[in-house]
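[1] Test case, fold it:
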Amino acid sequence: MEIERGDGVTIHYVGRFEDGSLFDTSRQEVARHEDLITAQGVQPADYAPLSFTVGRGDIIEGIEEALVGMAEGEEGTIEVPPEKAYGEIEEEKIREYDPEAFEEMVGSEPEVGLHVEAKNELHGDVTAVRDEAVEVDFNHELAGRTLVFDIEIIDVRK
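    Predicted coordinates:
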């Protein structure tokens, strides 16, 4: 039975960048092999199949589109361009702040890699610290990247 929009599905996935490096997975054995569990402090229980309704916008558009027409038990590799994933990098989402104002807003010294949450609920990462400015990138961390997913369809619910 082929997957249609509105169907409930459960999948296992392994997400990699075009260079083959892993960024996410639902498979604990892959995470352990790639040292993702210890590297990011994620617990083994955090790895489980992903369930969602196709077409509801629960996951990125490129995966939803690719699943339509596939069937339970099928496996495949899906390449998702930025415009069907987390979008292109938007320059207006890269902002600069005065170092003193930044420290006052965040409550800590600016440091490259520091993750911050703005009052408008945007999340960003400090990408540069200079004497005159602190640069924070509020783009999604996967924006501008082509993503490659190995997918296994475990269950389909009409």
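
[2] ok, which stretches of the chain are strands?
    Ranges of strands in the chain, per DSSP state E, are 8-17, 22-25, 50-53, 75-80, 94-97, 115-117, 123-129, 134-137, 147-157.

[3] deepest of the ones you listed, which one?
    Stretch with highest mean neighbour count among those: strand 134-137 (a mean of 22; mean count of other C-beta atoms under 10 Å). (C-beta placed from N, C-alpha, C; glycine too.)

[4] Give me the domain ranges for this structure.
    For the chain, automatic domain parsing gives the domain ranges 8-86+142-157, 91-137.

[5] Surely residue 103 is in contact with residue 111?
    No. With contact defined as C-beta atoms under 8 Å, residue 103 does not count as touching residue 111 (10.5 Å).

[6] Those two: which is more packed in?
    residue 103 (14 against 9; other C-beta atoms under 10 Å).

[7] Any idea which residue is closest to the centre of the protein?
    Note on the chain: the residue nearest the mean C-alpha position is residue 142, at 5.6 Å, using C-alpha atoms, centre = their mean.

[8] my guess is residue 80 meets residue 147, correct?
    Yes. Assessed by C-beta under 8 Å, residue 80 is found in contact with residue 147 at 4.6 Å.

[9] Where does pLDDT dip in this protein?
    37-45 (pLDDT under 70).

[10] and with 50 instead?
    The model of the chain has no residue with pLDDT under 50.

[11] Please name the nearest non-neighbouring residue to residue 122.
    Distances taken as C-beta to C-beta, 6 or more residues apart in numbering place residue 138 nearest to residue 122, at 4.7 Å, with adjacent residues excluded.

[12] any idea how far residue 137 is from residue 97?
    12 Å (C-beta to C-beta, to the nearest Å).

[13] just to revisit the earlier point, can you pull the contacts of the residue nearest to the centre of the chain?
    Neighbour list for residue 142: 23, 85-86 [criterion: C-beta atoms under 8 Å, 6 or more residues apart in numbering].

[14] just residue 8 next, same as before
    Residue 8 is in contact with 51-54, 155-158, counting by C-beta under 8 Å, 6+ apart.

[15] Could you dump the residues you listed into a markdown table with distance to residue 65 added?
    What follows is the contacts of residue 8, written out as a markdown table (distance: C-beta to C-beta, whole Å):
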| residue | distance to residue 65 |
| --- | --- |
| 51 | 18 |
| 52 | 14 |
| 53 | 14 |
| 54 | 9 |
| 155 | 19 |
| 156 | 16 |
| 157 | 19 |
| 158 | 19 |
